[in-house]
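Participant: When you get a sec, could you give me coordinates for this:
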Amino acid sequence: MIIRHIDQSQPSSSSSLLNTIHTLLLIIIIKCSIISIRAESNCTECNVDQHCPPDRPIRISPDIPCLEAKLLGNVCLHSSQCETIPNAACLATILNWMPMELVTVPTYRQWYIYSQITNVSDELSYLLNKVYGKCGCKHGYHAYNESRCHPTGADTGQQCTEMSDCLHSNSLCKSSINRCFCMDGYRYHSNKNECVPINGNNYRKFCVLSSDCQIYDPNSECNKSKCTCNGAFRYEPIRGRCESIEPCRTGNEWDPLNNRCKASRSILFNTFLLRVILFVLLNVVTYHIVRIVCCTSGRASIGSQVSIDTNENDRYEQSHSLLSLPPYESICNDVPSNETFPSTDELPTYEEALRSSSDTGGNTLQMVVIGKDTQPIDHSAEV
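Facilitator: Reported below is the predicted structural model:
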């Protein structure tokens, strides 16, 4: 009886175990399905915390979604996005200072703004690089193409805290890492134990930072992911370097991208505007000069009029301007032309002469000019 009872109870236990297993499998399938839908990929391995889809394989925080891997020159949010390329990092050149590696975990707000502006033009990417970053090669390396960082060979291996610690010629101390590096345009030659000039050039080749170009030519810069000469230089094909610009003709300016002089509308406009202003000023000055000369001549002609009587015995010289009189002057009444003039103290005043003239019933007054060593004159001024 006991054995029989056990045989009858076995099917019941097996059925319960199978149901439990089916329930667990169903729960696992449902969870994987939910995760697969959220991740938009097939659920090959169910890991709630670490799973990322193949096109966005980088997880840096549970607070933000998975991130894409980036190539050199692409806008990035964190250095993890650039680590698929050896010796690369997410570098931000804030305020044109030395590039800083972005290793701080971004907030959700930063990620959201970044996710809205990843597909942008080169000009906007350059501006975003001041706020976020751009995948570039670490110090001691330069960008060879979008997926490779080559060593610059500038590291001398010498430790330093100041410039005087770097004993090699054409070397300087990088205070951020306390190591001596060859200057731009030089590389370290281990056999010679010195910094030697770099042969060749990187003109119009791929770049991320200006330092990628300046290891070949210190007068170059990175512009729209291409090495070009900076504003004060232009490319010289014979020498293969950026040379100082000779001034273009008036009205032209140097185009560093196309390496030629081109007409500058701004210069032409400014030149024309300057000529118009000078023309107007010249006309205004000329007008005022002519006006002053004419007015002065008119006043002089009015103030110094000379009238001569046709009478041979009586010639009158008349002056209507007191400013044109000599230093000594007086107005006398009825002074004979052949009489010696009295001294200045005996002459009547101007008021007395006028009063005397009015008393004589309008007889003419004679203006007598008396100076030092004055001789009697035969002229009288008619007032």
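Participant: From now on I want contacts and neighbour counts done on CA atoms only, so please keep to that.
Facilitator: OK.
Participant: any weak-confidence spans in the stretch 201-350 of the chain?
Facilitator: Across the stretch 201-350 of the chain, the ranges flagged by pLDDT under 70 are 245-272, 296-350.
Participant: At which residues are the helices of the stretch 1-150 of the chain located?
Facilitator: Using DSSP state H, counting those that start in this stretch, the helices of the stretch 1-150 of the chain run over residues 2-39, 108-116, 122-128.
Participant: buried residues in the second one?
Facilitator: Neighbour-count burial for helix 108-116 flags W111, Y114 (criterion: 16 or more other CA atoms under 10 Å).
Participant: just stretch 186-205 next, same as before
Facilitator: 186-189, 194-198, 201-203, 205.
Participant: what does the domain assignment say about this structure?
Facilitator: Following automatic domain parsing, the chain resolves into domains at 1-51, 75-262, 264-303, 307-383.
Participant: hang on, the earlier thing: now distance to S147 and secondary structure too, for the buried residues of stretch 186-205, in JSON lines please.
Facilitator: Formatted as JSON lines, the buried residues of stretch 186-205 follow (distance: CA to CA, whole Å; DSSP: H, G, I helix; E, B strand; the rest coil):
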{"residue": "Y186", "distance to S147": "24", "secondary structure": "strand"}
{"residue": "R187", "distance to S147": "22", "secondary structure": "strand"}
{"residue": "Y188", "distance to S147": "24", "secondary structure": "strand"}
{"residue": "H189", "distance to S147": "26", "secondary structure": "strand"}
{"residue": "E194", "distance to S147": "30", "secondary structure": "strand"}
{"residue": "C195", "distance to S147": "28", "secondary structure": "strand"}
{"residue": "V196", "distance to S147": "27", "secondary structure": "strand"}
{"residue": "P197", "distance to S147": "26", "secondary structure": "strand"}
{"residue": "I198", "distance to S147": "23", "secondary structure": "coil"}
{"residue": "N201", "distance to S147": "20", "secondary structure": "coil"}
{"residue": "N202", "distance to S147": "17", "secondary structure": "coil"}
{"residue": "Y203", "distance to S147": "19", "secondary structure": "coil"}
{"residue": "K205", "distance to S147": "14", "secondary structure": "coil"}
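Participant: Looking at those residues, point me to the pair that's furthest apart.
Facilitator: E194 and K205 (27.2 Å; CA to CA).
Participant: Please name the nearest non-neighbouring residue to S79.
Facilitator: Spatial nearest neighbour of S79, excluding adjacent residues (CA to CA, 6 or more residues apart in numbering): C90 at 4.3 Å.
Participant: hang on, isn't that neighbour packed against K134?
Facilitator: Yes. Between C90 and K134 a contact is recorded at 5.3 Å, counting by CA atoms under 8 Å.
Participant: Compare neighbour counts for the two and give me the winner.
Facilitator: Using other CA atoms under 10 Å as the criterion, C90 and K134 rank with K134 on top: 33 against 30.
Participant: Now do the same for the nearest residue to that one once chain neighbours are set aside: its pLDDT.
Facilitator: Leaving aside its sequence neighbours, K134 sits nearest to V75 (CA to CA, 6+ apart; 4.4 Å). Reading off the confidence values, V75 has pLDDT 85.
Participant: For V75, grab the count of nearby residues.
Facilitator: So V75, with other CA under 10 Å, has 27 neighbours.
Participant: Could you report the distance from it to A89?
Facilitator: When distance is defined by CA to CA, to the nearest Å, V75 is 11 Å away from A89.
Participant: list residues touching both of these two?
Facilitator: Taking CA atoms under 8 Å, 6 or more residues apart in numbering as the contact rule, V75 and A89 both touch C135.
Participant: Name the residues contacting each of C90 and K134.
Facilitator: By CA under 8 Å, 6+ apart, the residues touching both C90 and K134 are C76.
Participant: so the residue nearest to K134 makes contact with G133?
Facilitator: Yes. At 5.6 Å, V75 and G133 qualify as touching, with contact defined as CA under 8 Å.
Participant: Find the residues that touch each one of the two.
Facilitator: Counting by CA under 8 Å, 6+ apart, nothing touches both V75 and G133.
Participant: ranges for the strands of the stretch 51-200 of the chain?
Facilitator: Assigned by DSSP state E, counting those that start in this stretch, the stretch 51-200 of the chain shows strands spanning 75-76, 88-92, 100-101, 133-137, 141-145, 148-151, 155-159, 171-174, 179-182, 186-189, 194-197.
Participant: now, of those, which is deepest in the fold?
Facilitator: Per residue and on average, the most neighbours among the strands of the stretch 51-200 of the chain fall to strand 133-137, with a mean of 32 (mean count of other CA atoms under 10 Å).
Participant: Strand partners (parallel or antiparallel) of it?
Facilitator: Applying DSSP bridges, strand 133-137 is found paired with strand 75-76 (antiparallel), strand 88-92 (antiparallel).
Participant: ok so, going back, now do the contacts for the residue nearest to S79.
Facilitator: C90 makes contact with 76-82, 101-102, 133-136, according to CA under 8 Å, 6+ apart.
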